[in-house]
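In: Model the structure of this input:
(chains A and B)
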There are 2 protein chains.
Amino acid sequence: MPCLFSLAPVLSRCMLSWPGSGGGQRLHSMKAIEMKIIVIGASGDIGGVVCAELSERHDIIKVGRDSGDIHADIADPASIKAMYRKAGKVDAVISAVGSVHFGPLSEFTQEQFMLGLNNKVMGQVNVVLAGLSQLNDGGSFTLTSGVLDRDPIRMGAGAATANGALGGFVVGAAIEMPRGLRINVVSPGLLEVSVERYGAWFPGHVPVSSRHVGLAYAKSVEGAITGQVIIVE
Amino acid sequence: MPCLFSLAPVLSRCMLSWPGSGGGQRLHSMKAIEMKIIVIGASGDIGGVVCAELSERHDIIKVGRDSGDIHADIADPASIKAMYRKAGKVDAVISAVGSVHFGPLSEFTQEQFMLGLNNKVMGQVNVVLAGLSQLNDGGSFTLTSGVLDRDPIRMGAGAATANGALGGFVVGAAIEMPRGLRINVVSPGLLEVSVERYGAWFPGHVPVSSRHVGLAYAKSVEGAITGQVIIVE
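Out: Numbering: from 1, shown residues only, chains lettered A, B, ... in the order given. The predicted structure is shown next:
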């Protein structure tokens, strides 16, 4: 199996003759190269799914406010910078965190509304801004939004706003990424593992498969797309 | 022309026999009823287009920071509330304002990034939250975003984020509007009237017709749609 060249850091691409093909056909075999990946929010529902999908093939650095290999809080820019110093150079950063207030539209205060913009949006944006110099060439950022800006629920206006903001951010940021860096946001529906806790808030929503959610993050990290909202439904 | 009923506050619907049709066909004639409409940012490029489109048919209250019939600044929630007190009950509110920082992604500070979230997003959201009790039944909010979350430019990541946020907000808020209120956001490309000032930032963008931009606001105000991002391209 002659390995012609490597496309670091993601894949080794090999070309080989297909047995019995008479030598006229060739198969491109793609094998994942191990990456060093930060997963912020590794102990959450989504973070757990992400780690389950990627940990077999990659070196995962789990980050949480009070758990994991490194402790960090995306609400605190200094904490994000400290996380990158401790982790060293990495190939990918996955953020699966972000707080948002849920409440009836007519009762929303500015402070409640700003929680989503400050934490879920600015917090994840700060993970990107601080990480631009910390990722290896060709690395990727994968953020997390959610379903509520396309399939809304009562009390979800703050979340819908934050999700839409993150979708806009990756579109705007992707075209300015240096050194071949990429950025996407995964927008999953209600996870099947979250139904017990949150299902009553999402009447009629079809829970999404954990496996499919994990694959969405794999697509962003191991694939080549950028500037995309990766919808999982 | 027997006018069968009124659909306040927007339209009077009349049915009449079509001359020469033999009485078998009827035509529904729609005539706009005059509404009282607040236009925030009336002196801006978009506000001017909006007023040109709507002022012939409606009573416009022009609002600006330093100009117009009422002075108000969406950055200040108290100023928004004072605007509604001065205006009294209205049928529609159009917001065509919002500040955003433009700069290279790698140089964005948190403070610069938050300008769009605080001003263009939270400011316009506050216009809605404070206006929920100030609009007549069946009234409408029309906010303004922009093209950069679907057709990005360099230095536009903050604007793309704010635009996406506003798109998410109207989707989430529309389903919780009381008393038949509606909400949409108009997302225009670069206006032809703005090309001289901003065209160099938007290489290759086809300027959009002022007339089409005005019509988008008319569709939101005089039409019946809600929860929509009304794209003008």
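In: What is the end-to-end distance of stretch A:186-194?
Out: 16 Å (C-alpha to C-alpha, to the nearest Å).
In: How about it and chain B, touching?
Out: No - applying C-beta under 8 Å from any C-beta of the partner chain, one finds stretch A:186-194 separated from chain B by no less than 10.6 Å. To be clear about C-beta, it is placed using only N, CA and C from the backbone, and glycine gets the same treatment.
In: So what touches that stretch?
Out: A:45-46, A:48-49, A:142-147, A:149-151, A:163, A:167, A:198-199, A:202, A:205-210, A:213, A:216-217, A:220, A:229-233 (C-beta atoms under 8 Å, 6 or more residues apart in numbering or on different chains).
In: tell me how far that stretch is from the chain's mean position?
Out: In terms of C-alpha atoms, centre = their mean, to the nearest Å, the centre of stretch A:186-194 is set 13 Å apart from its chain centre.
In: can you give me the strands in chain A?
Out: A:5-7, A:11-17, A:26-32, A:36-40, A:59-64, A:70-71, A:90-95, A:135-144, A:182-188, A:228-232 (DSSP state E).
In: Let me see the ranges of the helices in chain A.
Out: A:45-54, A:77-87, A:110-115, A:124-131, A:157-174, A:195-198, A:210-222 (DSSP state H).
In: elements contacting the fifth one?
Out: If I follow you right, that is helix A:157-174. helix A:110-115, helix A:124-131, strand A:135-144, strand A:182-188, strand A:228-232, helix B:157-174 (3 or more C-beta pairs under 8 Å, 6 or more residues apart in numbering or on different chains; DSSP states H and E).
In: Report the spatially nearest residue to the most centrally placed residue in chain A, omitting neighbours in sequence.
Out: Chain A has A:T142 as the residue nearest its centroid, 3.1 Å off, counting by C-alpha atoms, centre = their mean. Once flanking residues are discounted, A:T142 sits nearest to A:S220: 4.2 Å by C-beta to C-beta, 6 or more residues apart in numbering or on different chains.
In: if I read this right, the one you found contacts A:N184, doesn't it?
Out: Yes - A:S220 lies in contact with A:N184 (C-beta atoms under 8 Å); the separation is 4.2 Å.
In: what sits in contact with each of the two?
Out: The contact lists of A:S220 and A:N184 share A:140, A:142, A:228, A:230, where a contact means C-beta under 8 Å, 6+ apart.
In: Between the residues you listed, which sits nearest B:K62?
Out: A:Q228 (41.0 Å; C-beta to C-beta).
In: Okay, and the beta partners of the closest one?
Out: Beta bridges link A:Q228 to A:N184 when assigned by DSSP bridges.
In: pLDDT wise, what is A:S29 at?
Out: pLDDT recorded at A:S29 is 59.
In: before we move on, the earlier item: tell me the pLDDT at the residue nearest to A:T142?
Out: A:S220 is given a pLDDT of 98.
In: Pull up the gap between it and chain B, please.
Out: 18 Å (C-beta to the nearest C-beta, to the nearest Å).
In: Same check on A:I38?
Out: 19 Å.
In: beta partners for that residue?
Out: A:I61, A:V93.
In: tally of neighbours for it?
Out: When neighbours are defined as other C-beta atoms under 10 Å in any protein chain shown, A:I38 has 28 of them.
In: Could you double-check that it lies in contact with A:M83?
Out: Yes - contact between A:I38 and A:M83 holds when scored by C-beta under 8 Å: they sit 7.3 Å apart.
In: Touching both of these two, which residues are there?
Out: Between them, A:I38 and A:M83 share the contacting residues A:63, A:70, judged by C-beta under 8 Å, 6+ apart.
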